[in-house]
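Chemist: just coords:
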């Protein structure tokens, strides 16, 4: 055993959905620093191109930006086809993209939430993962190896404490909790379904990230954690690298909780 090599991601091909987002871009940077070739998949293709150029400049890697609409099966098939054409393999899929709704939707009382908003969340947060895992799973099954990581949330484990939100617009909608809970059990199902095929499937449940919220909101949220603060946006990169790497080779069907102690009280 060489412990230094356990976290090495050199030449690994990793599809990352939601790559243009606040956390997605952090994951892409960390994975690239560890030697991975990251497929930057997102609706925001121009932003993915920007990120890809920067990663190529700062790391000896070969990223590939690809436009992706998770609600469109043809778009997903196109992503997998382009990835295979360029790299001839897929080592890891990170289902990171998520729909949270805008401030107006998050402030809408549950009793008045529209069916469209509910369905929009399910289309991305659950059906998108279903479709991505289907298409990438076919490749991994042929390879007889692969690694799928689904991003859930602490709110897939426990209910949001409505007392800390007020009218902040930071509220997690009912659709978010419902879909993120579904992600955790879909993870378990897929790990069981693909047992003994060489495919591992795990989830990570991160807590809240500090990013320009009001001081009162940050204070209220922080009081709920054992560490007394919200996460920095780079603090989940280590967990992502761990799950992508051989360091987690005996781990499947699990949900890695990284929430500053929020759910451990």
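Modeler: Noted; the coordinates are in hand. On a predicted model such as this, the values are computed, not experimentally measured, just so you know.

Chemist: residues contacting the closest residue in space to residue 114 that isn't next to it in sequence?
Modeler: Sequence neighbours aside, residue 108 is the residue nearest to residue 114 in space, at 7.8 Å (criterion: CB to CB, 6 or more residues apart in numbering). Placement of C-beta: from N, CA and C, glycine included. Residue 108 makes contact with 114, 117, 173 under the criterion CB atoms under 8 Å, 6 or more residues apart in numbering.

Chemist: Neighbour-wise, which one of these leads?
Modeler: Neighbour count (other CB atoms under 10 Å) singles out residue 173 as the most crowded of the contacts of residue 108, with 22 neighbours.

Chemist: hang on, it packs against residue 113?
Modeler: Yes: under the contact definition of CB atoms under 8 Å, residue 173 touches residue 113, with a separation of 7.1 Å.

Chemist: Please identify the buried residues of the helix or strand residue 128 falls within?
Modeler: Under the assignment given by DSSP states H and E, the secondary-structure element containing residue 128 is helix 128-143. Neighbour counts over helix 128-143 (16 or more other CB atoms under 10 Å) mark 128, 129, 131, 132, 133, 135, 136, 137, 140 as buried.

Chemist: so who does the second one touch?
Modeler: Yep, that's residue 129 we're talking about. Contacts for residue 129 (CB under 8 Å, 6+ apart) come out as 95, 150, 183, 186.

Chemist: now for those residues, which pair is the farthest apart?
Modeler: Maximum pairwise distance among the contacts of residue 129 (CB to CB): 9.5 Å, between 95 and 186.

Chemist: Show me which of those two is the more surrounded one.
Modeler: Neighbours of residue 95 and residue 186, each counted by other CB under 10 Å, are more numerous for residue 95; the result is 28 against 20.

Chemist: Please give me every residue in contact with the more buried one.
Modeler: Listed by CB under 8 Å, 6+ apart, the contact partners of residue 95 are 17, 128, 129, 132, 133, 148, 149, 150, 151, 183.

Chemist: Give me the phi and psi for the first one.
Modeler: Recorded main-chain torsions at residue 17 are phi -80, psi 150, according to degrees, to the nearest 10.

Chemist: related to what we said a few turns ago, closest one of the contacts of residue 108 to residue 23?
Modeler: Distance from residue 23 was checked for each of those by CB to CB. The minimum falls on residue 173, at 18.3 Å.

Chemist: Quick check: the closest one vs residue 189, distance?
Modeler: Computed with CB to CB, to the nearest Å, the distance linking residue 173 and residue 189 is 24 Å.

Chemist: same question, residue 102
Modeler: 31 Å.

Chemist: and the strand or helix carrying residue 238, what does it pack onto?
Modeler: Under the criterion DSSP H and E, the helix or strand holding residue 238 is helix 237-244. Packed against helix 237-244, as judged by 3 or more CB pairs under 8 Å, 6 or more residues apart in numbering; DSSP states H and E, are the following elements: helix 22-33, strand 92-95, strand 146-151, strand 199-206, strand 255-258.

Chemist: rewinding a little: shared neighbours of residue 173 and residue 113, anything?
Modeler: With contacts taken as CB under 8 Å, 6+ apart, the residues that reach both residue 173 and residue 113 are residue 105.

Chemist: So, low pLDDT: which residues of the stretch 51-200 of the chain?
Modeler: 169 (pLDDT under 70).

Chemist: can you map out the strands along the stretch 1-150 of the chain?
Modeler: Read by DSSP state E, counting those that start in this stretch, the stretch 1-150 of the chain holds these strands, from start to end of the chain: 13-17, 37-42, 64-67, 92-95, 146-151.

Chemist: For those strands, could you give me TSV that also reports distance to residue 212?
Modeler: As requested, those are arranged in TSV below (distance: least, CB to CB, whole Å):
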stretch	distance to residue 212
strand 13-17	24
strand 37-42	21
strand 64-67	26
strand 92-95	25
strand 146-151	21
